[in-house]
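>>> only geometry, no sequence info:
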């Protein structure tokens with residue numbers, strides 16, 4: 001069956017929502033940004049005039065101001081953005097029951113079985129949706145129309161703002177293959193750099209590769225990207241009411257001051273691991289692996305991951321593993337701006353078995369005791385609040401706190 005899928009992308013979403021109540025700023029370079037005082041001072045969204053100055057999402061405020069000294073900065077209102085997102089998706093629901101959000105400002109719509117109710121012309125339906133969102137909510141959309149999700153998203157990115165692009169079975173090679181390989185879904189900076197080392201800079205060049213070579217180079221992701229580049233994506237559009245398996249559970253934070261010592265790193269990891277372990281237990285999940293990401297003050301990220309000896313959702317085990325990864329990624333006194341601890345390779349409780357032999361059997365009672373302890377902590381927190389009890393992680397073993405770092 002030839003599917004008909006729309007990808008709807010709200011243009012400059014945060015900024016557009018803010019400017020509905022500030023029409024005086026419509027033609028003025030404006031950006032929504034985090035709070036510089038809390039070290040979340042990056043650009044979250046910008047309007048079209050700011051974009052023309054080269055202002056980019058995720059760059060620091062000082063970088064944006066250097067490009068555009070007259071840039072107007074607005075604080076974010078995340079509750080409002082969530083409310084507007086729900087309103088937009090409620091409009092989409094009137095056209096199909098298969099609406100899959102992709103972040104707060106993007107959604108796929110599968111209208112294969114409902115298109116005939118709205119005239120049978122996919123481009124006309126996309127144009128009508130854009131007009132309706134503009135009239136009813138004061139926002140603009142870019143819409144991609146195609147026969148799979150990947151190409152529909154490429155279509156919404158192809159022309160902005162407020163445009164419809166159709167990528168059909170007849171024209172997809174002409175439109176898609178000349179595009180930069182980084183435009184393809186899930187090709188991030190690292191993948192783009194790796195492919196570039198082998199002379200692959202466009203989607204067409206990726207499509208012409210031998211799949212075996214891509215698999216050797218990138219594993220399963222290489223095969224997936226090969227299929228995407230050749231129009232073979234068959235991933236269904238999932239209703240947002242359909243539960244999707246949880247693939248990872250993570251928590252990250254930007255610290256008020258840079259961390260430069262091992263005790264500080266340990267405390268940060270302990271707090272993040274506690275949060276991740278608690279969420280795993282509430283979801284009835286165990287981590288089969290763990291990933292740690294460290295960000296320096298220049299916003300450079302470094303990550304490592306490790307398979308765990310056995311699935312776990314215990315704070316101590318996650319903390320110890322994350323700390324071991326930190327020792328591979330970081331050495332004092334290099335400053336750390338932010339960290340993220342992520343549980344990966346998740347399994348349900350019934351699958352989280354552990355093989356015990358003569359050498360590991362003595363550890364089983366200790367682990368069972370730790371399970372009971374952390375379960376009791378969960379009950380106390382549920383009754384008295386999340387900050388009612390915590391492990392004593394203020395100091396690493398046999399180490400005293402250094403003076404507070406103000407760097």
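Perfect, thanks for sending it. A quick note: this is a predicted structure, and the numbers were derived from the prediction, not measured.

>>> what stretches of the chain score poorly on pLDDT?
Within the chain, the ranges that satisfy pLDDT under 70 run 1, 36-40, 243-244, 349-407.

>>> before we move on, what SS does the residue nearest the centre of it have?
When CA atoms, centre = their mean is applied to the chain, the residue found nearest the centroid is residue 103 (8.0 Å). Put simply, residue 103 is coil when judged by DSSP: H, G, I helix; E, B strand; the rest coil.

>>> now the strands for this protein?
For the chain, the strands defined by DSSP state E cover 5-10, 30-33, 43-46, 72-74, 99-101, 106-110, 141-146, 164-167, 249-259, 285-295, 301-312, 336-348.

>>> Among these, which comes closest to residue 61?
With CB to CB as the measure, strand 30-33 is the member of the strands of the chain nearest residue 61 (5.6 Å). C-beta: built from backbone N, CA, C; applies to glycine.

>>> Show me what the closest one is packed up against.
Packed against strand 30-33 by the contact rule (3 or more CB pairs under 8 Å, 6 or more residues apart in numbering; DSSP states H and E) you find helix 13-19, strand 43-46, helix 48-52, helix 61-67, strand 72-74.

>>> what lines up beside it in the sheet?
strand 43-46 (antiparallel), strand 72-74 (parallel) (DSSP bridges).

>>> Residue 68 against residue 52, yeah?
No: using CB atoms under 8 Å, residue 68 is not in contact with residue 52; the gap is 9.0 Å.

>>> Of those two, which one has the most company?
Using other CB atoms under 10 Å, the more surrounded residue of residue 68 and residue 52 is residue 68, with 19 against 11.

>>> how about the more buried one, what does it touch?
Applying CB atoms under 8 Å, 6 or more residues apart in numbering to residue 68 gives the contacts 29, 50, 53-55.

>>> Likewise for residue 173?
residue 204.

>>> I'd like the distance between it and residue 230.
Distance of residue 173 to residue 230, given as CB to CB, to the nearest Å: 9 Å.

>>> Over to residue 117?
Per CB to CB, residue 117 is found 32 Å from residue 230.

>>> So for those two, which residue has more residues nearby?
A side-by-side neighbour count of residue 117 and residue 230, using other CB under 10 Å, places residue 230 first with 19 against 11.

>>> residue contacts, the more buried one?
By CB under 8 Å, 6+ apart, residue 230 lies in contact with residue 207.

>>> One more: the one 3 residues further on?
The neighbourhood of residue 233, defined by CB under 8 Å, 6+ apart, consists of 148-151, 227.

>>> Surely residue 18 and residue 73 touch.
No: taking CB under 8 Å as the definition, residue 18 is not a contact partner of residue 73, at 10.7 Å.

>>> So for the two, which residue has more residues nearby?
The residue with more neighbours, out of residue 18 and residue 73, is residue 18; 22 against 15, by other CB under 10 Å.

>>> Outline the domain layout of this structure.
As assigned by automatic domain parsing, the chain contains the domains 1-166, 177-240, 249-384.

>>> Let me know which of those is tucked in deepest.
domain 1-166 (a mean of 18; mean count of other CB atoms under 10 Å).

>>> what's the offset of it from the middle of its chain?
Mean C-alpha position of domain 1-166 versus that of the full chain (CA atoms, centre = their mean, to the nearest Å) differs by 16 Å.

>>> what is residue 312 paired to in the beta sheet?
residue 287.

>>> Format the strands paired with strand 30-33 as TSV; extra columns: distance to residue 110.
Shown next, in TSV, are the strands paired with strand 30-33 (distance: least, CB to CB, whole Å):
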stretch	distance to residue 110
strand 43-46	27
strand 72-74	35
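
>>> before we move on, the earlier item: Throw the strands of the chain into JSON lines and include distance to residue 320, thanks.
Converted to JSON lines, the strands of the chain look like this (distance: least, CB to CB, whole Å):
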{"stretch": "strand 5-10", "distance to residue 320": "42"}
{"stretch": "strand 30-33", "distance to residue 320": "37"}
{"stretch": "strand 43-46", "distance to residue 320": "35"}
{"stretch": "strand 72-74", "distance to residue 320": "42"}
{"stretch": "strand 99-101", "distance to residue 320": "36"}
{"stretch": "strand 106-110", "distance to residue 320": "38"}
{"stretch": "strand 141-146", "distance to residue 320": "46"}
{"stretch": "strand 164-167", "distance to residue 320": "49"}
{"stretch": "strand 249-259", "distance to residue 320": "17"}
{"stretch": "strand 285-295", "distance to residue 320": "10"}
{"stretch": "strand 301-312", "distance to residue 320": "10"}
{"stretch": "strand 336-348", "distance to residue 320": "12"}
